[in-house]
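K.L.:
Sequence first, then the predicted structure, then my questions.
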Amino acid sequence: MKLLKCPVNGERPLSEFVFGGEVREMPDPNTCSDQEWAAYVHYRNGAPGMKKEWWYHGPSGTWFIAERDTMLDEVARTYLYGQEEKQ
Amino acid sequence: MTTAPQQTPVASAQQRLSPKMTVAHGMEIPLEFSSAEIEHKRKVNLGVCDVSCFPRFGVKGRNVVQWLQENKVDIPEPNSWVQQGESLVLRLGNGEFLVEDQFEGKLCAALDEAVMPEAYGVYKIRRNDAALMLSGSHVQELFSEICAIDLRDGALLPGKLVMTQMAGISATVLRQKFNGEDVFRIWCDGTYGSYLWDTLLEIAEESGGGAVGLSCYYKEML
């Protein structure tokens, strides 16, 4: 059974989680160029490597960030949004 | 004008068992499914009791801890619970709380009437949980079939609660003393209540357990 560590609830089976996509900074739509906006909306980085991803623990309704190596499928750490420094 | 009592979220699954019903806290709830002797045997092995009639109050938000403290509510640690009088105060994660009154408790009504200033960062949550109570010597065997989390005494410590999946649905679980008896409490979304009830009963019946009514825990209701 694969396990993932929720920062609030601890280690749980992966079946309790939902993947929420890569963490991506949204450019300011009022100031960015059309090219930058189009890239944000349409492009995704599929190259394997260490990525920051959104994950959701369903039973507790907790969104958090996991830093995961998508090549090895190994999670380096997980933390709540805005609490990166505390980890 | 009189108001018709609410139905328990588990009502549709309970109908086939033809229980004797009562009304508690404005909700129709099974009092007895069978004779007291049979229900006692079930409870000793693995009794499943519907206690959805207990009043509940949900609240969350940025300032929820401060607001509850102002209203004289004891604040447990995240993913823990405390008993305040005859009420349970559950802290679900960091900023969400579930309060449940167990018959004589009055905390939910007091909180429901308490002033909640706008733009204060506190939001009421309407709860429609199916609330169940499990007890008996085979309860851990049941959990091992429907849950991936270790809920034995050494793992689920007193005062701690667990939010996990049971039989594929999200549920909150804790262990408490209820009228002097060790019981497990389960809360899940009311719309899954009948499914969870049927699933629990199917397993409980294999162990000589089954459905028990409120009278198993509240003799005075008979």
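P.N.:
Cool, got the structure.

K.L.:
pLDDT below threshold where in chain B?
P.N.:
Across chain B, the stretches falling below the confidence threshold (pLDDT under 70) are B:1-2, B:119, B:220-222.

K.L.:
What residues does chain B have near chain A?
P.N.:
Selection of chain B residues close to chain A by CB under 8 Å from any CB of the partner chain yields B:78-79, B:92-94, B:96, B:148-149, B:162-165, B:170-172. Every residue, glycine included, has its C-beta placed from N, CA and C.

K.L.:
Grab the nearest non-local neighbour of A:Met71.
P.N.:
Using CB to CB, 6 or more residues apart in numbering or on different chains and skipping the chain neighbours, the partner closest in space to A:Met71 is A:Pro48 (3.8 Å).

K.L.:
With B:Phe103 instead?
P.N.:
Skipping the residues right next to it in sequence, B:Phe103 comes nearest to B:Glu86 by CB to CB, 6+ apart, at 6.6 Å.

K.L.:
thought that neighbour was touching B:Gly105?
P.N.:
Yes. Between B:Glu86 and B:Gly105 a contact is recorded at 3.8 Å, counting by CB atoms under 8 Å.

K.L.:
Settle it for me: which of these two has more neighbours?
P.N.:
B:Gly105 (19 against 13; other CB atoms under 10 Å in any protein chain shown).

K.L.:
burial count for the residue nearest to B:Leu31 when sequence neighbours are not counted?
P.N.:
Leaving out its chain neighbours, the residue that sits closest to B:Leu31 by CB to CB, 6+ apart is B:Thr22, at 4.1 Å. Here the number of neighbours of B:Thr22 (other CB under 10 Å) works out to 19.

K.L.:
Give me the buried stretch members for the helix or strand harbouring B:Thr22, please.
P.N.:
Secondary structure from DSSP states H and E places B:Thr22 in strand B:20-24. Under the neighbour-count criterion of 16 or more other CB atoms under 10 Å in any protein chain shown, strand B:20-24 has B:Met21, B:Thr22, B:Ala24 buried.

K.L.:
so the second one sits right up against B:Leu214, yeah?
P.N.:
Yes. In this structure B:Thr22 lies within contact range of B:Leu214 using CB under 8 Å: 6.9 Å.

K.L.:
what's downstream of the strand ranked longest in chain B, the next helix or strand?
P.N.:
Assignment by DSSP state E gives strand B:169-178 as the longest strand of chain B. In the C-terminal direction, the helix or strand that comes right after strand B:169-178 (DSSP H and E) is strand B:181-188.

K.L.:
Okay, buried residues for the next helix or strand after that next one please.
P.N.:
On the C-terminal side of strand B:181-188, the nearest following helix or strand under DSSP H and E is helix B:193-206. Neighbour counts using 16+ other CB under 10 Å place B:Gly193, B:Ser194, B:Tyr195, B:Leu196, B:Trp197, B:Thr199, B:Leu200, B:Leu201, B:Ile203, B:Ala204 of helix B:193-206 among the buried residues.

K.L.:
now helix B:193-206 and strand B:169-178, what's the angle there?
P.N.:
Angle, helix B:193-206 to strand B:169-178, by axes from the mean of the first three to the mean of the last three CA atoms, to 10 degrees: 60 degrees.

K.L.:
which strands and helices sit next to helix B:193-206?
P.N.:
Where contact means 3 or more CB pairs under 8 Å, 6 or more residues apart in numbering or on different chains; DSSP states H and E, helix B:193-206 is packed against helix B:11-14, helix B:36-46, strand B:47-50, strand B:130-135, helix B:139-146, strand B:169-178, strand B:210-212.

K.L.:
Any chance of the ones you listed in a markdown table with mean neighbour count as columns?
P.N.:
Listed next are the helices and strands packed on helix B:193-206 as a markdown table, based on neighbours: other CB atoms under 10 Å in any protein chain shown:
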| stretch | mean neighbour count |
| --- | --- |
| helix B:11-14 | 20 |
| helix B:36-46 | 17 |
| strand B:47-50 | 26 |
| strand B:130-135 | 23 |
| helix B:139-146 | 17 |
| strand B:169-178 | 19 |
| strand B:210-212 | 26 |
